[in-house]
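S.K.: got a sequence here, can you build the structure:
(chains A and B)
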There are 2 protein chains.
Amino acid sequence: MERIKPRTLSGFMELLPARQTQFERMLETLRTTYALYGFTPLDTPVIESAEILLAKGGGETEKQIYRFTKGDSDLALRFDLTVPLAKYVALHYGDLAFPFRRYQIGKVYRGERAQRGRFREFYQCDIDVIGDGKLDVSNEAEIPAIIYQAFTSLGLERFKIRVNNRKILTGFYEMQGLSAQSGEIMRTVDKLDKIGPEKVQALLVEQGISQAAAQEILRFIAITGSNAQVLAALEAYRGRNQVFDQGLEELGLVVKYLASFGVPEDHFAVDLTIARGLDYYTGTVYETVMLDHPEIGSICSGGRYDNLAEYYTDKKLPGVGISIGLTRLFYVLGEQGYLNDGLVTSPADVLVLPMTEDLTAAISFATQLRQGGVRAQVYGEQKKFKGKMSYADKLGIPYVAFLGEDEIAQGVVKIKDMATGEQHTLSPAQAVDTVAAALAQRAQGKPIREKD
Amino acid sequence: MERIKPRTLSGFMELLPARQTQFERMLETLRTTYALYGFTPLDTPVIESAEILLAKGGGETEKQIYRFTKGDSDLALRFDLTVPLAKYVALHYGDLAFPFRRYQIGKVYRGERAQRGRFREFYQCDIDVIGDGKLDVSNEAEIPAIIYQAFTSLGLERFKIRVNNRKILTGFYEMQGLSAQSGEIMRTVDKLDKIGPEKVQALLVEQGISQAAAQEILRFIAITGSNAQVLAALEAYRGRNQVFDQGLEELGLVVKYLASFGVPEDHFAVDLTIARGLDYYTGTVYETVMLDHPEIGSICSGGRYDNLAEYYTDKKLPGVGISIGLTRLFYVLGEQGYLNDGLVTSPADVLVLPMTEDLTAAISFATQLRQGGVRAQVYGEQKKFKGKMSYADKLGIPYVAFLGEDEIAQGVVKIKDMATGEQHTLSPAQAVDTVAAALAQRAQGKPIREKD
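M.R.: Predicted coordinates:
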């Protein structure tokens, strides 16, 4: 038979079992965290009508999208989870209660040029709160709490949530009489981290901004310090522009509620340089950076927008949301050695080795383990003892249970702890309890473990 | 602005939040069940090279597949999880330990003609055990236990697992000198439930089988009764054909281990009419039927095969696996009123209603609830009291917490049980414990609830 060489497309992540187990643990942690904050799970099709997905049209999206026909239908694969959410809310508007809070964790597709650490198929893990007509700013104040809880639950400690408010920026540029250029200015200012203040100022002047105004902009975005210090410095601008003042109020509220939301001050910073390139953010915007790896960029971003679904409905649907690109984050964590290999990644907790031809006793014990919540596999293959042990070893299975004629006759089971090499002969019920307790202990760790 | 009418493609399931929550609960139950039996989670790309997916080629698959080009690449969406598994095992052979036990739960795509209850995008929930060169029959004996555990955990009670062994059929037809026609005969016999024995006999004769042989076939497939009775009847054929005898041994082993695997005899039946159309099954085959809804057909099927990945590797990789088509099953369960609406489907367990402008106390209490594992939402919208309560009502949120000036001054919180209307004033810590305990009680139910 002529064979086809097996391969996986480049830009598509396909993990080996132990790594996949770590990835699943992270998915589960995010699902649990999002649910704790009252978000409902949502699932939408991967394929949508191209007309729906490209309603906004233009730009990079159209070039990267996977688009094709099937019969008469012009179809495409979703490239994010926001457009499908907009469609969903517009379509099911009458069946939803607002504010509508949903999380969605799913794969999205972008046919980018493949390069190291970039993926064409990747998981987005999104939450959004959608209001009907209006949405209280307290929802914006809650987002940093969810980001903090999500990463802390994953095991990340050295990260910072950076927050700004687009109204402050918009208002500031209005004060300077630079409203028309504000979009362009913000995109330039966004490069501050990368190219430094001198080059930003030069670029601004190139764009036709006066030297004086450019200096004023740089003085403004140079406002740093503790949250209280930044807010105090911004007070100096109050009273000159209504939009600015509203933004300052909102930012003040976001900062005010941090403590009651359980976010430590050192994990949060007001940062006036953050604008989030996208035009549709209108209020609070968020970025999250790993303190030891700023080069990775933001690992969780989002913000407040005023109109989620304008392409599908005349209902005004303001919202606030964030997204974690988990595939890329997982890749980076793996590269950096941040994945916690101390957690069990084997498919089973106990490998039951029958030492007799009749498997009845081994199977019964495995059934008992499962009833006690312990993941068990009966190894029924005809192999030498050494081969069976090396299977347990290769998979990293923490415990092996032996059931030979003696054990069966005495109604006991011999349990070997593969890490310590210790062996104990126990009654089946004792064995289940002992193993379950030890596993619960080992499961305390989190998916991410930062280096010391 | 010109608007595009929002729509979801036909044949694509998109659920409202409460239904989605029920679906997620079923996914979670299957993940947990599969993991208990020592299967590792796997995830493979939705898009593969068309050459890979169509290696076997021909037939319905090729017509139904979503296939398209992107740049120079000829791509397609996976139409099942078995072909990607074959590719995965062939590709990563050197990194895997065998037997390789994996579960995969994911969406697959088939561009069938859309009709009621048929889906173009649907979840398959698969497990497979793959051996390297050989695979012990005890793996085949384990499968009914997993099917039983999966459906029982989901809450289904009135179902039966039907089992046969292809070697028994193959051996029987060899005895009759009908080996060449056996494939065709089995496909005809497969229609027994639908068209009855007379029509099957007539069809067999039409296919060129002698009246005597057709009668012999019908006598054979009419063997029914308890497992012991069927096995006893099959003993009468022993000694005439080697393949048959081996099949009988295997079937005997599968039946023998049922009890130690915890499968009640009344949920299991040897059924000689089952062949599973697919040519590649070579040993035990499985079907699962709902006793009250035989018209739905099998809700979980599979079997033993001898060569998983012959299109990609010269390694012989025998295996055994089953698949649950969850999207269709979920649809049917919903139609039949079998989804358990007694379980909480709201996004939050507690809606915290601040009755003061300052939200600090409400937010702090919500944070405390979440630390106690209770899903909490702070309702921060400016609405009348009635509007807030109707939001809780519409979402089916079980508890509402009130925090007015009096409560804040006294350091208490008022909790209302939305089902009974009862209100209690408690300390925040008491409130968390009380609600958590009540929720644990309510969460006892299973996703499926059969009618009485």
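
S.K.: now do the SS call for A:Asp358.
M.R.: Secondary structure assignment for A:Asp358 (DSSP: H, G, I helix; E, B strand; the rest coil): coil.

S.K.: just to check, A:Cys125 is in contact with A:Val108?
M.R.: No: in this structure A:Cys125 lies outside contact range of A:Val108 using C-beta atoms under 8 Å: 10.8 Å. Using the backbone N, CA and C atoms, a C-beta is placed for each residue, glycine as well.

S.K.: go through stretch A:307-325 and flag the buried ones.
M.R.: By neighbour count on 16 or more other C-beta atoms under 10 Å in any protein chain shown, the buried set for stretch A:307-325 is A:308-313, A:317-325.

S.K.: nope, stretch A:373-384 is what I meant
M.R.: In stretch A:373-384, counting by 16+ other C-beta under 10 Å, buried: A:Val374, A:Arg375, A:Ala376, A:Gln377, A:Val378, A:Tyr379, A:Gly380, A:Glu381.

S.K.: do the same with stretch A:379-398
M.R.: A:Tyr379, A:Gly380, A:Glu381, A:Lys388, A:Met389, A:Tyr391, A:Ala392, A:Leu395, A:Gly396, A:Ile397, A:Pro398.

S.K.: can you lay out the residues you listed as a markdown table showing pLDDT and distance to A:Lys414?
M.R.: Shown next, in a markdown table, are those (pLDDT from 0 to 100; distance: C-beta to C-beta, whole Å):
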| residue | pLDDT | distance to A:Lys414 |
| --- | --- | --- |
| A:Tyr379 | 97 | 15 |
| A:Gly380 | 95 | 18 |
| A:Glu381 | 95 | 20 |
| A:Lys388 | 95 | 14 |
| A:Met389 | 96 | 13 |
| A:Tyr391 | 97 | 17 |
| A:Ala392 | 97 | 14 |
| A:Leu395 | 97 | 20 |
| A:Gly396 | 96 | 20 |
| A:Ile397 | 97 | 15 |
| A:Pro398 | 97 | 15 |
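
S.K.: just those now: which is nearest A:Gly117?
M.R.: A:Gly396 (26.8 Å; C-beta to C-beta).

S.K.: my read: the closest one touches A:Gly342, true?
M.R.: No: here A:Gly396 does not reach A:Gly342: they are 11.0 Å apart, not a contact under C-beta under 8 Å.

S.K.: hang on, the earlier thing: reformat the buried residues of stretch A:379-398 as TSV; add secondary structure and distance to chain B.
M.R.: Shown next, in TSV, are the buried residues of stretch A:379-398 (DSSP: H, G, I helix; E, B strand; the rest coil; distance: C-beta to the nearest C-beta, whole Å):
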residue	secondary structure	distance to chain B
A:Tyr379	coil	8
A:Gly380	coil	3
A:Glu381	coil	5
A:Lys388	helix	11
A:Met389	helix	12
A:Tyr391	helix	6
A:Ala392	helix	9
A:Leu395	helix	5
A:Gly396	coil	10
A:Ile397	coil	9
A:Pro398	coil	12
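
S.K.: sorry, back to before: give me the subset of the buried residues of stretch A:307-325 that also touch chain B.
M.R.: Residues of the buried residues of stretch A:307-325 in contact with chain B (C-beta under 8 Å from any C-beta of the partner chain): A:Ala309, A:Glu310, A:Tyr311, A:Tyr312, A:Thr313.
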